[in-house]
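Participant: here is a sequence together with a model predicted from it:
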Amino acid sequence: MSQTNSPLTIASAVSSFKEITKIRLAVSVVFSSLAGYLLGADVVDVKTLLLLAIGGYCMVGASNAYNQIIERDLDALMDRTKNRPVPSGRMSVNTAFAIASVLTILGLVILYIINPQTAMFGAISIFLYTSAYTPLKTKTPLSVFVGAIPGAIPFMLGWVAATDDFGIEPGTLFALQFFWQFPHFWAIGWFLYDDYKKGGFFMLPTGKKDKATAVQIIMYTVWTIIISVIPVFGFTGKLYLTPIAAIIVFLLGLGMLYYAILLFKKMTAKAARQLMLASVSYITLIQIVYVLDKFIR
C-alpha cells in the first residue's frame with residue numbers, strides 16, 4: 001500500500017510546488033532574463049546562463065509563494081485562484097513560507113555568485129513584488145504601476161548578469177518591458193474583472209471596463225512600440241537593432257496595437273483575452289528577434 005501511495009504523494013508535492021511558484025509565469029520570466037543575458041554577453045558562458053536560470057526561477061517562485069500566502073483568504077473567494085495549494089488546504093501556510101524562504105536565500109546566493117549587482121536587483125524585485133505590489137492590489141489601481149517595476153527587472157537583469165554594469169542598454173530593456181506590462185495586465189484585469197471584484201482587487205486604471213481604460217491601453221501600447229524600435233537609431237550604446245529587425249519589431253507592435261484598438265471598439269471580455277494573448281506573443285517574439293539580430297548581423 002505504501003509503495004502505491006508514494007508516487008502519488010511525490011506527484012502531488014511536485015504539482016503543488018509548480019503551482020505555488022507559478023511555473024509557467026516563472027519560466028517566461030527566466031526566458032526574459034536569459035534573452036537579456038544573450039544581448040549583453042560578449043562571450044556566452046553556459047555556467048552563468050544556468051545560474052541565471054536557476055537563480056531567476058528561485059526569485060520568481062519565492063515572490064509568487066509569498067504572494068499566495070498573503071492573499072490566501074482573497075484567493076479563496078475567486079474562481080481563478082481558489083484551487084491554489086494554500087487556499088484549497090493542500091499546502092499549509094508554514095510549508096509555503098518555508099518554500100518561499102528557501103527559494104529566496106537560494107536565489108540570492110546564486111545571483112550573487114554571478115555578480116553582486118544581479119543579486120541586488122533580484123532582491124529589489126522580490127521586495128517590491130511582495131511588500132508593495134501585493135498589498136496595494138486591494139487598495140488602488142496604481143498597484144499595476146508598482147508591480148510593473150519588479151515585472152520589468154528580468155529582461156534588464158540578464159544584461160546586468162552578463163556585464164556587471166547598469167547603463168542605457170539595460171535601462172532600455174527595462175523601459176520596454178515596463179510599458180508593455182500595462183496593456184498586458186489591464187487586458188487580464190478586463191476579462192477577469194468580475195472574478196477580481198470578488199477578491200476586492202483594483203486592476204483597471206479607472207476601476208471600470210470603460211473607454212478611458214481602453215484609451216490608456218492603446219497609449220501604453222504605442223509607448224511600448226516606440227521604445228522597442230529606439231535601438232535602431234544608435235542611441236542605446238551596445239544595444240542595437242538593424243533596420244530589418246526594427247521593421248519586424250515594429251510590425252509585431254502593430255499587431256499588438258491592432259488588438260488594443262479592437263478592445264476599444266468592441267469593449268468585450270473576448271477582445272481583452274485576445275489582447276492578452278497577443279501581448280504574450282509580442283514580448284516573447286521581440287525578445288527572440290532582438291537576440292537573433294545580435295547574433296546574425
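Facilitator: Done, it's in.

Participant: residues of the host helix or strand of Gly189 that come out buried?
Facilitator: Gly189 belongs to helix 168-191 when assigned by DSSP states H and E. Neighbour counts over helix 168-191 (16 or more other C-beta atoms under 10 Å) mark 169-170, 172-191 as buried. In this view, the C-beta of every residue, glycine as well, is placed from N, C-alpha and C.

Participant: one more: stretch 211-218?
Facilitator: Neighbour-count burial for stretch 211-218, counted by 16+ other C-beta under 10 Å, picks out 213-214, 216-217.

Participant: then stretch 64-76?
Facilitator: 64-72, 74-76.

Participant: then stretch 147-164?
Facilitator: So, applying 16+ other C-beta under 10 Å, buried residues of stretch 147-164: 147-163.

Participant: for the spatially most central residue of the chain, which non-adjacent residue is spatially closest?
Facilitator: Nearest residue to the geometric centre of the chain (C-alpha atoms, centre = their mean): Gly151, 4.6 Å. Once flanking residues are discounted, Gly151 sits nearest to Gln181: 5.1 Å by C-beta to C-beta, 6 or more residues apart in numbering.

Participant: ok, that neighbour to Phe155 distance?
Facilitator: Separation of Gln181 from Phe155 (C-beta to C-beta, to the nearest Å) stands at 11 Å.

Participant: just the helices in this protein please.
Facilitator: 2-20, 23-40, 46-70, 72-75, 85-88, 93-114, 116-128, 134-136, 143-163, 168-191, 193-199, 211-229, 243-266, 269-296 (DSSP state H).

Participant: export those helices to a markdown table and tack on mean pLDDT and distance to Pro205?
Facilitator: Putting the helices of the chain into a markdown table (pLDDT from 0 to 100; distance: least, C-beta to C-beta, whole Å) gives the following:
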| stretch | mean pLDDT | distance to Pro205 |
| --- | --- | --- |
| helix 2-20 | 67 | 30 |
| helix 23-40 | 91 | 22 |
| helix 46-70 | 92 | 21 |
| helix 72-75 | 83 | 21 |
| helix 85-88 | 84 | 28 |
| helix 93-114 | 92 | 30 |
| helix 116-128 | 91 | 19 |
| helix 134-136 | 85 | 14 |
| helix 143-163 | 90 | 7 |
| helix 168-191 | 94 | 7 |
| helix 193-199 | 84 | 13 |
| helix 211-229 | 95 | 5 |
| helix 243-266 | 96 | 13 |
| helix 269-296 | 94 | 14 |
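
Participant: any idea how far Phe145 is from the residue nearest to the centre of the chain?
Facilitator: The value you get for Gly151 to Phe145, if C-beta to C-beta is used, is 10 Å.

Participant: got it, and Trp223?
Facilitator: Relative to Phe145, Trp223 is positioned 13 Å away (C-beta to C-beta).

Participant: now swap in Leu251 and tell me
Facilitator: As judged by C-beta to C-beta, Leu251 and Phe145 stand 28 Å apart.

Participant: so between the two, which is more surrounded?
Facilitator: Higher neighbour count among Leu251 and Phe145: Phe145, with 15 against 10, using other C-beta atoms under 10 Å.

Participant: enumerate every residue touching the more buried one.
Facilitator: Phe145 makes no contacts at all, as judged by C-beta atoms under 8 Å, 6 or more residues apart in numbering.

Participant: try it again at 10 Å.
Facilitator: 133, 136, 178, 181-182, 205 (C-beta atoms under 10 Å, 6 or more residues apart in numbering).

Participant: residues contacting the nearest residue to Asn67 once chain neighbours are set aside?
Facilitator: Spatial nearest neighbour of Asn67, excluding adjacent residues (C-beta to C-beta, 6+ apart): Thr134 at 5.1 Å. Residues near Thr134 by C-beta under 10 Å, 6+ apart: 63, 66-71, 128, 143, 146-147.

Participant: how about a cut-off of 8 Å?
Facilitator: 66-67, 70-71.

Participant: got the domain ranges for this protein?
Facilitator: Structural domains assigned to the chain are 14-165, 167-297, following automatic domain parsing.

Participant: between the two ends of the last one, how far is it?
Facilitator: So the one you mean is domain 167-297. Domain 167-297 has an end-to-end distance of 23 Å (criterion: C-alpha to C-alpha, to the nearest Å).
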